[in-house]
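Colleague: Quick one: sequence and predicted model below, then my questions.
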Amino acid sequence: MESTQTLLKPTAPQPVQEAKINLPDHKQLPDSDGTFVKNFQEHPQSIVLTSSIAPVLEKLHPDGRYCIGQDSGIYWRMMEPPEKGAEAPEWFYVPNVSPLLDGEYRRSYVLWKEFVSPLIAIEFVSGNGSEERDTTPPSETEKAGKFWVYEQAIRVPFYVIFDGFRDNLEAYHLLEVAMSKCNLMIADILRSRQWVWNLG
């Protein structure tokens, strides 16, 4: 009986080619969703907050490596249109990142380019506060609720909802997998060991 087996000559392994994915950066994504600011006090409140904590941040970051966003988009998910995958808190702070990218001021903060979440995000209530407390998860067509985005997607350690109309401030601290309401004031967050530890 004759064998029908043929010897196979080994071939050199072919190099694996890495797929290049070009994700958009802050210059390629919209820096506005075209909506109007809903509360005339948002801009002045953001300025007061930034100017009042600037001395603390300058001591914590003598090299200037921190970023403050005011009504700037935090892109966390690729969607069409891109604005559906972004949240624009009235104020947020990111430690240990440059305020400039390639010598230009940031137009937005893009998580898939940065990999560092903001340490704190603040929303100023414009209506009854339901928009800021919305825990609706995203769908293929609809934008996720703000609270869900900060807790589950961006995973910001501190989320603050300020209602200047009702003189109410709610602070949430991310613990493991969920936000927990806490009784911290912004000044307390700035002074807390958790804040300094996260910066360090």
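Modeller: Cool, got the structure. Being a predicted model, the structure only gives us computed values, none of them experimental.
Colleague: hey, what's the residue positioned nearest the centre of the chain bridged with?
Modeller: Centre of the chain computed as the mean C-alpha position; nearest residue by CA atoms, centre = their mean is residue 74, 4.5 Å away. In this structure, residue 74 has beta-bridge partners residue 87, residue 109, where bridges are defined by DSSP bridges.
Colleague: Surely it touches residue 91?
Modeller: No - counting by CB atoms under 8 Å, residue 91 is not a contact partner of residue 74; they are 11.5 Å apart. All C-beta spots, glycine's among them, are computed from the backbone N, C-alpha and C.
Colleague: Name the residues contacting each of these two.
Modeller: Overlap between the neighbourhoods of residue 74 and residue 91 consists of residue 121, taking contacts as CB atoms under 8 Å, 6 or more residues apart in numbering.
Colleague: worst-scoring helix or strand of the chain, pLDDT-wise?
Modeller: Ranked by mean pLDDT, DSSP states H and E, the helix or strand of the chain with the weakest confidence is helix 193-199, at a mean of 39.
Colleague: Just to check, residue 131 is in contact with residue 148?
Modeller: No - Residue 131 sits out of contact with residue 148 when judged by CB under 8 Å, with a separation of 11.7 Å.
Colleague: Helices of the protein, residue ranges please.
Modeller: Listed in chain order, the helices found in the chain under DSSP state H are 42-60, 111-114, 146-148, 186-191, 193-199.
Colleague: for the first one, what is the average pLDDT?
Modeller: pLDDT averaged over helix 42-60 equals 88, rounded to a whole number.
Colleague: what helices or strands is that helix leaning on?
Modeller: Where contact means 3 or more CB pairs under 8 Å, 6 or more residues apart in numbering; DSSP states H and E, helix 42-60 is packed against strand 66-69, strand 91-95, strand 120-124, helix 186-191.
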